[in-house]
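Enquirer: sequence-free structure coming up:
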């Protein structure tokens, strides 16, 4: 069994040590480093090449948003943002910078373990929809001029799939809605990410809102 390599970045030592110790209880996890600020997180990640980083947003020297952006690239780790509030504008910025999802700091141990495994497998934390709601909320509060032309590289079916992704549908739900198999859905999603230069579904949802493909609900 391949171990998931993890870095924990948080400026509060008790939080950092607590998460590291908790994660170390899992046979398929290896905590390869910790960091007390964003600059240290970038350095540790470049040295240790983790699969997943738990990244606090508010840290000295360099915050988690800039650190997340600096870690993007061909071999970038998946970033799980840690936050105290589920509707935190800084979390939206981190998602836009390339994070794969976020967790509240009062998350249960089992939810933490599940989240790490999900993002390490290349998925994104969209279920049960809280990430999608956060993205929609800040897209509504900070509207941008639609740039639909960005999506012209997609086929009509791929555009439909992206729109449904932004609504928070899972692969089985997408397959049912489109009357196709799950493998076909996975192929569509893979092509969308490749054409748009994105790493995962969370980034695809961000782009769907920022390009105006999906309009946030006002209610």
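Expert: Noted; the coordinates are in hand. All values reported here derive from a predicted model rather than from experimental measurement. Numbering: from 1, shown residues only.
Enquirer: Number of residues surrounding residue 153?
Expert: By other CB atoms under 10 Å, the residues close to residue 153 number 14. Every residue, glycine included, has its C-beta placed from N, CA and C.
Enquirer: I figured residue 30 hits residue 4, correct?
Expert: Yes - here residue 30 reaches residue 4: they are 7.0 Å apart, a contact under CB atoms under 8 Å.
Enquirer: Which one's more surrounded, those two?
Expert: Using other CB under 10 Å as the criterion, residue 30 and residue 4 rank with residue 4 on top: 22 against 16.
Enquirer: residue contacts, that one?
Expert: Residues in contact with residue 4 (CB atoms under 8 Å, 6 or more residues apart in numbering) are 28-30, 51-52, 116-117, 120.
Enquirer: same thing with residue 28?
Expert: By CB under 8 Å, 6+ apart, residue 28 lies in contact with 1-4, 117.
Enquirer: just the buried members of the residues you listed?
Expert: Buried subset of those (neighbour count, 16 or more other CB atoms under 10 Å): residue 4.
Enquirer: Now distance to residue 166 too, for the contacts of residue 28, in a markdown table please.
Expert: A markdown table is the format used below for the contacts of residue 28 (distance: CB to CB, whole Å):
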| residue | distance to residue 166 |
| --- | --- |
| 1 | 34 |
| 2 | 32 |
| 3 | 33 |
| 4 | 28 |
| 117 | 24 |
